[in-house]
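K.L.:
What would the 3D arrangement of this be:
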Amino acid sequence: MLARRLAERDVRFISIMHDGWDHHTNIALMHPPDCKTVDQPSAALVSDLKQRGLLKDTLVMWGSEFGRTSFAQGVLDANAGRDHHGNNFVWWLAGGGVKPGFTYGETDDFSYNPVTPSVEIHDMHATMLYTLGINHEGLTYHSQGRDFRLTDVSGRIVKEVLT
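P.N.:
Next comes the predicted model:
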């Protein structure tokens, strides 16, 4: 509710963080309550923004810095968990010029490797910046012998996800 109220007051950047997803153990016990505290409020935020006409101008991004394996880590018992997985991760975007109800990218049958098409983190950042009206290549600066920018030195806009 606070995020929606900030958006209504034209706050340009709002960040909400939920820590505690690092379930290397006890995932059957720990994961459901975490999902409950995140799923409904996330859906409510998108619904509220849409209902108030703010979603078209607001980009909502939900994601993390890495994915999780789709299989259990360690012994398959009540203490099982999931390990970090850098090859795949899921982000979802809503509003802000992104196609609604659209899935982009696919993994193999084990959700271990991308098969088609792959979006690198720099591509995701370039796309998000584009929806915000920022040219990710226009902010390049040279320091310590190399170029830097918001998307490091790579990144393409994934136009397939845009309206």
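K.L.:
CA only for contacts and neighbour counts going forward, please
P.N.:
Will do.
K.L.:
List the pairing partners of the helix or strand of the chain with the lowest mean pLDDT within its sheet, with orientation.
P.N.:
Ranking every helix and strand in the chain by mean pLDDT, DSSP states H and E puts strand 67-68 at the bottom, with a mean of 82. Strand 67-68 pairs in its sheet with strand 84-85 (antiparallel), by DSSP bridges.
K.L.:
Contacts for the partner strand, please.
P.N.:
For strand 84-85, the external contacting residues (Cα atoms under 8 Å, 6 or more residues apart in numbering) are 66-69.
K.L.:
Including neighbour count and distance to Phe13, could those residues go into TSV?
P.N.:
Listed next are the contacts of strand 84-85 as TSV, based on neighbours: other Cα atoms under 10 Å; distance: Cα to Cα, whole Å:
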residue	neighbour count	distance to Phe13
Phe66	14	22
Gly67	18	24
Arg68	22	27
Thr69	18	31
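K.L.:
List just the nearest of the residues you listed to Tyr130.
P.N.:
Each of the contacts of strand 84-85 was checked against Tyr130 using Cα to Cα; the closest is Phe66, at 22.2 Å.
K.L.:
was I right about that closest one contacting Glu120?
P.N.:
No: using Cα atoms under 8 Å, Phe66 is not in contact with Glu120, being 11.5 Å away.
K.L.:
pretty sure Asp123 belongs to a strand, no?
P.N.:
No: counting by DSSP: H, G, I helix; E, B strand; the rest coil, Asp123 is not part of a strand but helix.
K.L.:
What pLDDT is listed against it?
P.N.:
Model confidence at Asp123, expressed as pLDDT, equals 92.
K.L.:
ok, now which ones touch it?
P.N.:
By Cα under 8 Å, 6+ apart, the contact set of Asp123 is 151, 154-158.
K.L.:
cutoff 6 Å now
P.N.:
Taking Cα atoms under 6 Å, 6 or more residues apart in numbering as the criterion, Asp123 is in contact with 155-157.
K.L.:
which one of those residues sits closest to Ala7?
P.N.:
Ile157 (24.9 Å).
K.L.:
the domain parsing of this structure - what is it?
P.N.:
With domains defined by automatic domain parsing, the chain comprises 2-102, 119-163.
K.L.:
and of those, who's closest to Phe110?
P.N.:
Nearest of these to Phe110, taken as Cα to Cα: domain 2-102 at 7.0 Å.
K.L.:
returning to what we had before: identify the residues contacting the least confident helix or strand of the chain?
P.N.:
Contacts of strand 67-68 (Cα under 6 Å, 6+ apart): 83-86, 88-89.
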